[in-house]
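Colleague: After the sequence you'll find the predicted model.
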Protein chains: 2
Amino acid sequence: MKRATAQNVAMEAGVSKWTVIRAFTPGASITEASKAKVLEAAERLNYRPNLLARSLATNSTHQVAVLVDDFANPHKLPFLEKLTASLQAEGLVTMLININQHYNHVHAILNADQRQVDAIVLFGTAFRDEMLTDHKLGRGGPPMFVLARDSQIEGVPAISCDAVVAIAEIGKHLLERGYRRPGFMAGARTLSTALGRRRNFKEFWRTALGVELVEMSAERYSAEAGAQAARDYLSKVAPDDRIDVLMCENDALAFGAMDVARSEFGLRVPDDLAIVGFDNAAPAASPAYGLTTYEQPTDQMVKAAIDMILERAPRETVNFKGELVVRDSA
Amino acid sequence: MKRATAQNVAMEAGVSKWTVIRAFTPGASITEASKAKVLEAAERLNYRPNLLARSLATNSTHQVAVLVDDFANPHKLPFLEKLTASLQAEGLVTMLININQHYNHVHAILNADQRQVDAIVLFGTAFRDEMLTDHKLGRGGPPMFVLARDSQIEGVPAISCDAVVAIAEIGKHLLERGYRRPGFMAGARTLSTALGRRRNFKEFWRTALGVELVEMSAERYSAEAGAQAARDYLSKVAPDDRIDVLMCENDALAFGAMDVARSEFGLRVPDDLAIVGFDNAAPAASPAYGLTTYEQPTDQMVKAAIDMILERAPRETVNFKGELVVRDSA
DNA sequence: ATATTTTTTGCTACCGGTAGCAAACGTGCA
DNA sequence: TGCACGTTTGCTACCGGTAGCAAAAAATAT
C-alpha cells in the first residue's frame, strides 16, 4: 500500500494540502477546528510527513555523517554511544560510515556531501592531510570536523584531548615512580599528524632525563597488532637491555602487549615491565588488566562537537584536558 | 557558495538539464561528444547530483536504519563493522540509531520511516514484541528485520544464531568435562523473547541429568552488571553449595563474573568455577581471560540480512549454526 | 535523392514537501 | 450596514532530481 501524502489527507479532510501541512507545523496559523479535522484524517490514513521532501525544500537534512575506521578499538563503542545519543537529543541522526580499503575518505565524503548531510565528523580516522586539502571538497559542501584526533587542516576544526598536557601528566607520574627506560608503541606508522603522542612523549624524556625513547610500532591499532609488536621487541632484546616502562598509543595495543609480556615472557607487570595505555577502555578497569591509562573527556568533546555543528560555538579547534587513571600496571 | 544544480551545468554546457542528467546516468542514451561537454562543465562548476532529490523522485534512499541498544557489549563493534562494510559494498548507507531511555523503538522506527529508509534492522535490541505489533508500522513502511536475536513477530524475519544447537553443543561439552551443578546468568530480565538461551540451557540440564539450573540475572548486559550479579551470588552462597559452572548470556557478563570470582573470591577458573560466555568478543581470546565461548557466524548473518534487504533472498526467519570455542575457562 | 529507421535531445508532468503572497473569512467598531 | 483589521485558507512558484513521451537529428535503406 502506498503511503499517504499531505494531498491525500487534504482530500480526506476536505481542505487544501497547505492546511494539512500547517496542522503538522508547530506554531502555524490554523484554527483548532481544522487542525483536529486534519489530524483525524491523517490518523485514518496513517499519514506522516515525508522528511525527504522536507529536507529537499528546506535544504537541511538533520543528518550528520560520522566516519570511523578503527573498529578494533573498544573505546570507540562507548564514545560512539555518547555521540549518537547527543546527536539524537538535538534531533540529528547519525550516518555511520565505515572507512576501509574498499571505501576511503574521498568516497565517504563525496557520498555524504551528495546526501546533503549537515555536517561530516571524522571520528578518530587516520588520513593524510593532503587527501582533504587536495580535493577541495569544502566548496559549499557540509562543514567538516575532526573528533578525537589532531588536525592541522585549514578550515577543519579539531576537537580533541590535549596531548601535550596528557603526556606531561603521564610522564611526570612515570618519573615519580622511578621508571627510567621508556618505550613507546605506536599504531599504524604512516600518519604524520597522528603521532603527536609519540613526539610529545619522546620530547618529555629527552628534556627530563636526556634519555632516548625506544620506539616500536604495530601494524594497526588492535590488541593483536600490539601483541605482535611486543613479541617482536621482547624476543629481540635481552632482559637486561629492556625498557622498564612501555607507553602504548592506545589501550587496545596495551592489552595485547600486556598479554604477551605476561603469558609469553613470564614478565610481571609492573615489576618487570610497566605498561601505560591511552583511552581508558572498559577492560582497562578490569582486575585482569588493571591498566594505568589516560581518560579523554569524551562528554566535553561530544558536547563541543555538537555545539560547533549547530553553530552554537565558534568553529575552531579546541583541546580538552583529560585525566590520568592510575591503576596497577604503572 | 551555493551548490551547482543540473540546470546550472546545462546553461554552462549549452544543453538542456536532461542531457546533463543523462551524462550522469550510466547507460543513458547520450553521444560521447555531449557527455564530454557536460562532464567538463560539471567539473568546472564542481557539480555532483543531489541524492536527496533523486531519492524523492525514485522512492528509494539506499539508506538502512540500524537500531542498537547494547553499547556495553564489545562484540557489537566488530559486528557493526562487518554490517556497515557489507551495506556499503552494496551501495547502502547505515543510519545508526541509538536506542535508550530517551529514544525508544517507536521513536526510532517512526523517524526512520519518515526518512524513507529502505529497511530497518533491529540489531540485537531488546524490545517487547507488543511494541512492534501494536503500532502497525508495517503499513507501507520499510521492511523490518531482527538481527542477532530471536523474533516471534509476524512479518518481521529474524536472522540469528541457532540457540538450540548452540546450547546443546555447550551443554554437551560441559557434561563431558564433568560439570554437574550449572548456573546461568541472564542480562536484563524483562524480555520474554530474549531468554531463549536460558530456557534452552535449563531444559538441557533437566533432560540430561535432571538437575535444576541456578539462575541469576544482571541489571544490564555489561561487565559491571555481570560482576555485580556474580558478587551477589558468591557472597550469598557458601563455597560447598555453589555451582561448578556458570554460563553467561554473553561475554560481557562473563568477563565481569570472572573478574569477581578470581579477584574478590580467590576462585580459580575453571577449577573452582568454570565460566562460559557467548559471542567470542575480542577479550575472550586474551590469555587474561581465555574464555570458553560460542561464536556466532557473523559473516553469514550479515550476508543473509543484506540478501533479504535487497530481496535477493526470501524474507523469512533463518538460523545459522555457530561454533563452540573452547579455551581455558571451561 | 527521398523514405525509413534509429539515436539523441527536449519536453511535460511528477516526487512531497516549503515559502510567502493574496484572497476569503470572521470579528469589532463606527 | 459598512469599513478596517487580524486571522485563516488557498494559491503560485520552487527545491533538484526522474520517468517516459514527442520532436529533432543522425544513420541507414530504397
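Modeller: Here it is on my side, so go on. Residues are numbered from 1 along each chain as shown, chains lettered A, B, ... in the order given.
Colleague: gap between the closest residue to DNA strand D within the stretch 201-330 of chain A and residue A:90?
Modeller: Using C-beta to the nearest atom of the strand, the closest approach of the stretch 201-330 of chain A to DNA strand D is made by residue A:311 at 20.5 Å. All C-beta atoms are positioned from the backbone trio N, CA, C, and that covers glycine. When C-beta to C-beta, to the nearest Å is applied, the distance between residue A:311 and residue A:90 equals 12 Å.
Colleague: Those two: which has the busier surroundings?
Modeller: It is residue A:90, of residue A:311 and residue A:90, that has more neighbours when counted by other C-beta atoms under 10 Å in any protein chain shown, with 14 against 10.
Colleague: my read: the more buried one touches residue A:306, true?
Modeller: Yes: here residue A:90 lies in contact with residue A:306, judged by C-beta atoms under 8 Å, at a distance of 6.1 Å.
Colleague: Please name the residues that touch residue A:279.
Modeller: The neighbours of residue A:279, taking C-beta atoms under 8 Å, 6 or more residues apart in numbering or on different chains as the test, are A:73, A:75, A:250-252, A:293-296.
Colleague: please redo it, this time with the cut-off set to 6 Å
Modeller: The contact partners of residue A:279, by C-beta atoms under 6 Å, 6 or more residues apart in numbering or on different chains, come to A:75, A:250-251.
Colleague: now residue A:41
Modeller: The neighbourhood of residue A:41, defined by C-beta under 6 Å, 6+ apart, consists of A:9, A:12-13.
Colleague: Tell me how many other residues surround residue A:213.
Modeller: Here the count is done by other C-beta under 10 Å, and residue A:213 has 18 residues near it.
Colleague: I'd guessed it sits against residue A:202; true?
Modeller: Yes: the pair residue A:213 / residue A:202 is scored as a contact, 4.4 Å apart, by C-beta atoms under 6 Å.
Colleague: Check which element follows the helix or strand in which residue A:120 is found along the chain.
Modeller: Secondary structure here is read from DSSP states H and E; on that basis residue A:120 sits in strand A:119-123. Downstream of strand A:119-123, the first helix or strand assigned by DSSP H and E is helix A:129-134.
Colleague: Contacts for that next one next, please.
Modeller: Around helix A:129-134, the neighbours that count as contacts under C-beta under 6 Å, 6+ apart are A:105, A:153.
Colleague: which parts of the helix or strand just after it are buried?
Modeller: Moving toward the C-terminus from helix A:129-134, the first helix or strand encountered (DSSP H and E) is strand A:144-147. Within strand A:144-147, the residues scored as buried using 16 or more other C-beta atoms under 10 Å in any protein chain shown are A:144-147.
Colleague: shared neighbours, residue A:213 and residue A:202?
Modeller: Both residue A:213 and residue A:202 lack any common contact, where contact means C-beta under 6 Å, 6+ apart.
Colleague: before we move on, the earlier item: any idea how far the residue of the stretch 201-330 of chain A closest to DNA strand D is from DNA strand C?
Modeller: Applying C-beta to the nearest atom of the strand, to the nearest Å, the value for residue A:311 to DNA strand C is 17 Å.
Colleague: Which of the three states applies to that residue?
Modeller: coil (DSSP: H, G, I helix; E, B strand; the rest coil).
Colleague: can you check residue A:275 too?
Modeller: Per three-state DSSP, the secondary structure class of residue A:275 is strand.
Colleague: what does stretch A:10-21 rub up against?
Modeller: Under the criterion C-beta under 6 Å, 6+ apart, residues A:6-7, A:9, A:34, A:37-38, A:41, A:45 lie in contact with stretch A:10-21.
Colleague: again, only this time at 8 Å
Modeller: Contacting residues not belonging to stretch A:10-21 are listed as A:5-7, A:9, A:28, A:30, A:34, A:37-38, A:40-42, A:44-45, A:49 [C-beta under 8 Å, 6+ apart].
Colleague: how far out from the middle of the chain is that stretch?
Modeller: The offset between the C-alpha centroid of stretch A:10-21 and the centroid of the whole chain comes to 45 Å, using C-alpha atoms, centre = their mean, to the nearest Å.
Colleague: and what of stretch A:112-120?
Modeller: From the chain centre to the centre of stretch A:112-120 is a distance of 18 Å (C-alpha atoms, centre = their mean).
Colleague: ok, now stretch A:148-162?
Modeller: Using C-alpha atoms, centre = their mean, the offset of stretch A:148-162 from its chain centre is 12 Å.
Colleague: Sort out which residues of it are buried, please.
Modeller: Applying a neighbour-count criterion of 16+ other C-beta under 10 Å, one finds A:148-151, A:153, A:156-162 buried in stretch A:148-162.
Colleague: Span of it from start to end?
Modeller: Using C-alpha to C-alpha, to the nearest Å, one end of stretch A:148-162 lies 10 Å from the other.
Colleague: Is any residue of it near chain B?
Modeller: No: legend: contact between stretch A:148-162 and chain B by C-beta under 8 Å from any C-beta of the partner chain is lacking; minimum distance shown is 13.5 Å.
Colleague: Tell me which stretches of chain A form strands.
Modeller: Residue ranges of the strands in chain A, as given by DSSP state E, are A:63-68, A:93-98, A:119-123, A:144-147, A:158-161, A:182-186, A:214-217, A:245-248, A:274-276, A:293-295, A:318-320, A:323-325.
Colleague: circling back to that earlier point, of all the buried residues of stretch A:148-162, which comes closest to DNA strand C?
Modeller: The nearest one, if we look at the buried residues of stretch A:148-162 relative to DNA strand C and count by C-beta to the nearest atom of the strand, is residue A:157, at 27.8 Å.
Colleague: Correct me if wrong: that closest one contacts residue A:309.
Modeller: No: look at residue A:157 against residue A:309 with C-beta under 8 Å: they stay out of range, at 10.5 Å.
Colleague: what's the overlap in contacts for these two?
Modeller: Shared contacts of residue A:157 and residue A:309, defined by C-beta under 8 Å, 6+ apart, comprise residue A:145.
Colleague: what separates the nearest residue to residue A:291 once chain neighbours are set aside from residue A:302, distance-wise?
Modeller: Once its chain neighbours are removed from consideration, residue A:291 has its nearest residue in residue A:284; the separation is 3.9 Å (C-beta to C-beta, 6 or more residues apart in numbering or on different chains). Shown here: residue A:284 relative to residue A:302, a distance of 20 Å by C-beta to C-beta.
Colleague: do the same with residue A:280
Modeller: Relative to residue A:302, residue A:280 is positioned 15 Å away (C-beta to C-beta).
Colleague: Over to residue A:77?
Modeller: Counting by C-beta to C-beta, the gap from residue A:77 to residue A:302 is 14 Å.
Colleague: Residue A:175 now?
Modeller: Computed as C-beta to C-beta, the residue A:175 to residue A:302 distance reads 32 Å.
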